[in-house]
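In: No letters, just coordinates:
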């Protein structure tokens, strides 16, 4: 199954999600853990699409009827450049922009140090957004 | 919102449906009525996509959070050529092939006359497929 970039954008506009989960974790420096996830869920009969997406992006994993990427370095290297180049058409673009901000902040270590107060404030807003996104 | 044909294919592979509903109707010659429908359903916040699809295909209507085309002549003129030219990648291609067979049979009037027994048999199989598709 050969995937066209525009097909992927359409499919993600329909079936994809950019999620950020924040969990308390006393073992970390900050006392919490940030878990970003790019996920695609399909009905059981469409599972072959998940393997095609895994092959296209060269990372992530398929479990039951979902394909997901949680490794933030893979998200930074593969997912962010792809969706920067090929624009989502639905409101998922807003989800992506906030997701992108979180990932870049993680890569820059801002979520750990909070040296930059503006960035920390923006991050908090992003977290609040993801916490309320599906309500 | 400018839609790329491959984006539409991806979006329909994710969110579209090709349905055929068969209802008894004593007012018709055959005693039943065939109601084919191409339908796309989205979450409330994505309604603008439905209007973009309506504009792209130049037919159909938007109601609540769905875009649908039920007029079989519009389905024949607009939807069938589009999905013949741009191939669906998921199992929805099977739904489309059976849907296409039903529409073409309707256009040719075979569902009314049943002159061609093979075609009538194939049609019955299609109807059975759509009746069991989502079970």
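Out: Cool, got the structure. Keep in mind that this is a model prediction, so the values were computed, not measured. Numbers count the residues shown, from 1 in each chain, chains lettered A, B, ... in the order given.
In: Residue A:61 and residue A:53: what is the separation?
Out: Per C-beta to C-beta, to the nearest Å, residue A:61 is found 11 Å from residue A:53. C-betas here are computed from N, CA, C, even on glycine.
In: Hmm, I typed the wrong one, I wanted residue A:17.
Out: 13 Å.
In: shared neighbours, these two?
Out: Listed contacts common to residue A:17 and residue A:53 are residue A:40; contacts here mean C-beta atoms under 8 Å, 6 or more residues apart in numbering or on different chains.
In: between residue A:61 and residue A:53, who's got more neighbours?
Out: Counting neighbours by other C-beta atoms under 10 Å in any protein chain shown for residue A:61 and for residue A:53 shows that residue A:53 has the greater number, 22 against 12.
In: Close to chain B: what parts of chain A are there?
Out: A:1, A:3-15, A:42, A:45-46, A:48-49, A:52, A:89-91 (C-beta under 8 Å from any C-beta of the partner chain).
In: Put the buried members of those into a ChimeraX selection.
Out: This is how ChimeraX selects the buried members of those, with burial counted by 16 or more other C-beta atoms under 10 Å in any protein chain shown:
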select /A:3,4,6,7,8,9,10,11,12,13,14,15,42,46,49,52,89,90,91
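In: Mind listing what's buried along stretch A:81-98?
Out: Here stretch A:81-98 shows A:82-83, A:88-92, A:95-96, A:98 as buried, counting by 16+ other C-beta under 10 Å.
In: Point to the helix or strand of chain A where mean pLDDT is at its lowest.
Out: Sorting the helices and strands of chain A by mean pLDDT, DSSP states H and E puts helix A:110-113 at the bottom, at a mean of 54.
In: Residue A:107: what's it in contact with?
Out: A:72-73, A:76.
In: In PyMOL, how would I select just the buried ones from those residues?
Out: A single PyMOL command selects the buried members of these (16+ other C-beta under 10 Å):
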select buried, chain A and resi 72+76
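In: Thanks again, I'm all set now.
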